[in-house]
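In: Below are the sequence and a predicted model for it; my questions follow.
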Amino acid sequence: GNTFTWLWALALLQGALGAAVPETDSRIRYDNYAVYKVKYESVEQRNLLEKLTEDRANVRLWHEAKDELHLMISPQSLSEFQTKVRQANASAEIFIANVQDLIDMETTENSRGTSDEFGWKRYNSLAQIEAWLDEILARYPVITEGFIVGQSYEGRTIRGIKISYKSGNPGVFIESNIHAREWITSATATWLINQFLTSEDPLVRTLAESHDWYIVPVLNVDGFVYTHEKDRMWRKTRQPSATSSCIGADPNRNYDSHWMENNGASSNPCAENYGGPQPFSEPEIKAMSEFVAGIKDKVNVMLAFHSYSQLLLSPYGHTEEELPPNYDDLMEVAKAYADAVEAMPYGTVYRYGTASGILYIASGATNDWAYNEQDIQISYTIEFRDTGHYGFILPPVHIVPNAEEALFGIAALLDKCKELG
Ligand code: ARG
Ligand code: ZN
């Protein structure tokens, strides 16, 4: 009688409350999570520090380079982190005190305007990007052509756009947002598409019309949606593992090119750089490889967009023992990009080199696969702004400046390619 009625009423009430809870409340929060730059010198120090990331709930890797790691630390593990840094004789410097503050600011800016309004004053969702792409394709039916790379694990269609003003142009492939949280990449890719179609600047017109562009604004569609709806800091794909409760693989370690060699990826499904159970295990990467392989004779240049740290990275990523055969050309072309960007009024500095030489050994990445397996001779990973002030949560005021840098950098890069023949 009574007990039942009460339980029933309680269940109803809970249902009503549950329904009333706004969607944002199911998002993973990063209140008082801090991000530190930790400088190290020796391999021993680095191994000690890297061990910290095994405590995945409390320590997450944001960036790794030859002499520093960027780590996001939960508030509960902060004192332990500081102790470990002292024990390793390393020095840590804070650059974000509260990750959630940055996420909240970004969310506020993203919700300005109507939900279907696309632009570069804020970051757009996948639905907004796709709706905009449809508009562009409808508006420029002769010059543009939509293409489908394939299906993601969760069944989304991975889309791209080809822009071609005339036949016989050299081809440039732009892969963007393979890492889910690197939002500046798809914002930049879409801005470039818009410039190639609408700019009246003669330099941009020449650039746009003298190349065939294949642009995939969001390759890791599942991960990207997940960063918008659940976890802003997600990097990987969303395919569950057969052997672990951790989800996803690092798509930029999943290409079938020296896969997992030289510790260039982790075999731990919980790691941010997990290579996957086998090469091309991730449907997005398998689809991308098949799509590129199908048009490789038309592709002269591969550019993989990432953030952050302002770098141009050439092959090889999988080894430090050897340099790629056209290393000198790759460096000269990268220098052209970096010089062009630095000469702009923003004065932004890009460094360049081989991926293994200036960052770390990473195998199974897009640009290495394109270079090693598809014979695409000019192939880079480009790491956009910044160098570690906002990191992945780059405020939207940076979108246009960053994209302008990419535009002029790419123009200089392609000019140099032409000059070198
Ligand atoms: N930050 C990128 C990543 O971790 C760098 C990839 C460098 N490229 C390479 N061929 N290893 O995926
Ligand atoms: Zn990346």
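Out: It's in. Ligands and ions are numbered 1, 2, ... in the order given.
In: Please report the distance of residue 41 from residue 66.
Out: 10 Å (Cβ to Cβ, to the nearest Å). In short, each C-beta sits where N, CA and C put it, glycine included.
In: same thing with residue 97?
Out: 26 Å.
In: Then residue 420?
Out: From residue 420 to residue 66 the distance is 28 Å (Cβ to Cβ).
In: what about the two, which has more around it?
Out: Set residue 420 next to residue 66 and count neighbours by other Cβ atoms under 10 Å: residue 420 wins out with 13 against 10.
In: how about that one, what does it touch?
Out: Residue 420 sits next to 329, 332, 333 when contact means Cβ atoms under 8 Å, 6 or more residues apart in numbering.
In: hmm, 7 Å instead?
Out: By Cβ atoms under 7 Å, 6 or more residues apart in numbering, residue 420 lies in contact with 329, 332.
In: All further residue positions should be reported with the first residue as 351.
Out: Let's use 351 as the start, then, which means that last one is residue 770.
In: Look at it and report its pLDDT.
Out: pLDDT for residue 770: 96.
In: Pretty sure residue 659 sits against residue 733.
Out: Yes - with contact taken as Cβ atoms under 7 Å, residue 659 and residue 733 are classed as touching, separated by 4.5 Å.
In: Relative to ligand 2, how far out is the nearest residue to residue 600 once chain neighbours are set aside?
Out: Among residues not flanking residue 600 along the chain, residue 623 sits closest, at 4.7 Å (Cβ to Cβ, 6 or more residues apart in numbering). Computed with Cβ to the ion, to the nearest Å, the distance linking residue 623 and ligand 2 is 10 Å.
In: Wait, residue 623 touches residue 613, no?
Out: No - between residue 623 and residue 613 there is no contact under Cβ under 7 Å: 9.9 Å.
In: Please say which of these two ends up with more neighbours.
Out: residue 623 (22 against 12).
In: For the closest residue to ligand 1 within the stretch 551-700 of the chain, which residues are in contact?
Out: Minimum separation of the stretch 551-700 of the chain from ligand 1 (Cβ to the nearest ligand atom) falls at residue 667, amounting to 2.3 Å. Contact analysis of residue 667 by Cβ under 7 Å, 6+ apart lists 614, 705, 706, 711, 712, 713, 715, 718.
In: and the nearest residue to it once chain neighbours are set aside, how many neighbours?
Out: Leaving aside its chain neighbours, residue 667 sits nearest to residue 705 (3.7 Å; criterion: Cβ to Cβ, 6+ apart). Applying other Cβ under 10 Å, we find 26 residues neighbouring residue 705.
In: Kindly state the pLDDT recorded for residue 705?
Out: For residue 705, pLDDT reads 98.
In: same question, residue 362
Out: Confidence score, pLDDT, at residue 362: 55.
In: Quickly find the element holding residue 722.
Out: helix 716-724 (DSSP states H and E).
In: Let me see the mean pLDDT of that helix.
Out: Rounded mean pLDDT across helix 716-724 is 98.
In: elements contacting that helix?
Out: Contact analysis of helix 716-724 by 3 or more Cβ pairs under 7 Å, 6 or more residues apart in numbering; DSSP states H and E lists helix 633-645, strand 649-657, strand 728-734 as its packing neighbours.
In: residues touching the nearest residue to residue 648 once chain neighbours are set aside, list them.
Out: Using Cβ to Cβ, 6+ apart and skipping the chain neighbours, the partner closest in space to residue 648 is residue 521 (4.3 Å). Listed by Cβ under 7 Å, 6+ apart, the contact partners of residue 521 are 561, 562, 564, 648, 649, 650.
In: For beta bridges, what are the partners of residue 521?
Out: residue 562, residue 649 (DSSP bridges).
In: Which pLDDT does the model give it?
Out: 98.
In: From residue 562, how far out is it?
Out: 4 Å.
In: Likewise for residue 721?
Out: Relative to residue 562, and taking Cβ to Cβ, residue 721 is found at 19 Å.
In: One more: residue 690?
Out: For residue 690, the distance to residue 562 - Cβ to Cβ - is 22 Å.
In: go on, residue 397?
Out: Relative to residue 562, and taking Cβ to Cβ, residue 397 is found at 46 Å.
In: neighbour count winner among the two?
Out: Using other Cβ under 10 Å as the criterion, residue 397 and residue 562 rank with residue 562 on top: 21 against 11.
In: Please list all residues in contact with that one.
Out: 512, 514, 519, 521, 648.
In: Check what pLDDT residue 664 gets.
Out: Looking at residue 664, the pLDDT reads 98.
In: How about residue 460?
Out: 88.
In: Nearest residue to it in space, please, no chain neighbours.
Out: Closest to residue 460 by Cβ to Cβ, 6+ apart is residue 472, at 4.8 Å.
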